[in-house]
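Colleague: coordinates for the following, if possible.
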Amino acid sequence: MADFYDSLGLTPAVNANGKMTALGGSRLSEETIETMGAAARAHVVMDDLMVAAGRELAAAAGTEDACPTTGAASGVAIAVAALVAGTDVARIEALPDAGDRPCEVILPKGHAVHFGAPLTQMIALGGGRAVEAGSANKVRAAHLAGAITDRTVALMYVQSHHAVQKGMVSLAETVAVGREHGIPVIVDAAAEEDLRRWPATGADLVVYSGGKAIGGPASGFICGSSELIAACRAQYAGIGRPMKVGKETVAGLVQAVRTYGRAATTSEGERQRTRMHALAAWLGALPGIEARVVQDEAGRQIFRTELTVHPEAAGRDAVSLAAELVAGTPGIHLRDHHASSGRLAVDPRPLSDAEEEILVRRLTELLPARD
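Modeller: Model prediction:
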């Protein structure tokens, strides 16, 4: 595949950032690649494939039904549209104009995140209007309840490292408010690992990414009750049309979920932790680098090597070091969410052993030991 990138004048990147959309998502397993190739060689009735794939995805999530999507972002838009328009063809074709229908989607202010695009824009594409409750660092159940009006169509909860982690209302409290007021709850759990955990909270619709924790192609799915998922599928005759998912992607998503279901997530987390401790020992010996192993801030079983860059000893700050790594050949992309505060991180999930050696070698060249 490097030959294909070469033909476009591109050099494959070394991804130590994570399963990021900007870096192509996941590295697919050979099994998933073969399944996608097999699907590409035959035709299928797409409506039948969507229903059959949905049954299997639902079984993995422990829900009645599921609907494949092109990703978690489209999943949010389609989930909102399903609650605004249902299966009413006229309303579906009128979206994103909700007309006189309830369309307000209430979410904690600290969950109105930007994940590469604003979450509130995805809500708007589905015909919704985002209503942010509380403050950026403090949202209580009372804030959600107080924002409910006769125009409210859903409550939304974002389970993500992008969201504010302190001072937020819990999902259990959000579901309780929804139940009390008869308002469905949508959970954006795009990159979460345990597919059964989030539907089991009582949320009505849960949105996952297929290209993040699951390790599939750029894809996703919505899971929930049969009635609501039927409404989700109906949106492919409306705003879902430009978000339609191809047969190869559906096949790759299903195969990735099958493979993922066989994997032991906990043991993989322990392997990551061991690997990152070894890497931290190597990199912590470099001038100006303080290295330690940290767990994902949203509580997932992901362990990374965090590098605190001390500019005087390293000869540059974290932002500059990250830029130098990207500018090399091949470009090396560290996790730079906190670069402005002097911290970078190495995510082991997309990083092969050979690429880890490239990373160590490049950093050793940039930060040579001093006599």
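Colleague: Leu351 reaches Ala13, doesn't it?
Modeller: No - Leu351 lies out of contact with Ala13 (C-beta atoms under 8 Å); the separation is 11.1 Å. To be clear about C-beta, it is placed using only N, CA and C from the backbone, and glycine gets the same treatment.
Colleague: which stretches in the stretch 101-250 of the chain count as helices?
Modeller: Assigned by DSSP state H, counting those that start in this stretch, the helices in the stretch 101-250 of the chain fall at 119-125, 141-147, 171-181, 226-234, 247-262.
Colleague: with only the CA atoms kept, save the first one in PDB.
Modeller: Going back to what we said before, that points to helix 119-125. Below are the C-alpha coordinates for helix 119-125, written out as PDB (Å, rounded to 0.1, in the frame of the first residue of the first chain):
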ATOM      1  CA  LEU A 119     -21.100  18.500  17.700                       C
ATOM      2  CA  THR A 120     -23.800  21.200  17.700                       C
ATOM      3  CA  GLN A 121     -23.500  21.300  13.900                       C
ATOM      4  CA  MET A 122     -24.200  17.600  13.700                       C
ATOM      5  CA  ILE A 123     -27.300  18.100  15.800                       C
ATOM      6  CA  ALA A 124     -28.400  20.900  13.400                       C
ATOM      7  CA  LEU A 125     -27.900  18.700  10.300                       C
END
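Colleague: packing partners for it?
Modeller: helix 72-85, strand 129-133 (3 or more C-beta pairs under 8 Å, 6 or more residues apart in numbering; DSSP states H and E).
Colleague: residues making contact with it?
Modeller: Residues from elsewhere that reach helix 119-125 (C-beta atoms under 8 Å, 6 or more residues apart in numbering): 73-74, 76-77, 80-81, 96, 105, 107, 111-113, 129-130, 156, 158, 188, 239.
Colleague: cool, and stretch 163-176?
Modeller: Here stretch 163-176 has contacts from 108, 110-111, 113, 134, 136-141, 143-144, 155, 157, 159, 185, 187, 198, 201-203, 297-298, using C-beta under 8 Å, 6+ apart.
Colleague: can you flag the buried ones in these?
Modeller: Neighbour counting with 16 or more other C-beta atoms under 10 Å marks 108, 110-111, 113, 134, 139-141, 143-144, 155, 157, 159, 185, 187, 198, 201, 203 as buried within the contacts of stretch 163-176.
Colleague: which of the contacts of stretch 163-176 fall within strands?
Modeller: Secondary structure assignment by DSSP state E places 108, 155, 157, 185, 187 of those in strands.
Colleague: got the contact list for the closest residue to the fourth one other than its chain neighbours?
Modeller: This means Val185. Nearest residue to Val185, sequence neighbours excluded (C-beta to C-beta, 6 or more residues apart in numbering): Gly178, at 4.3 Å. Contact partners of Gly178, counting by C-beta under 8 Å, 6+ apart, are 155, 184-185, 204.
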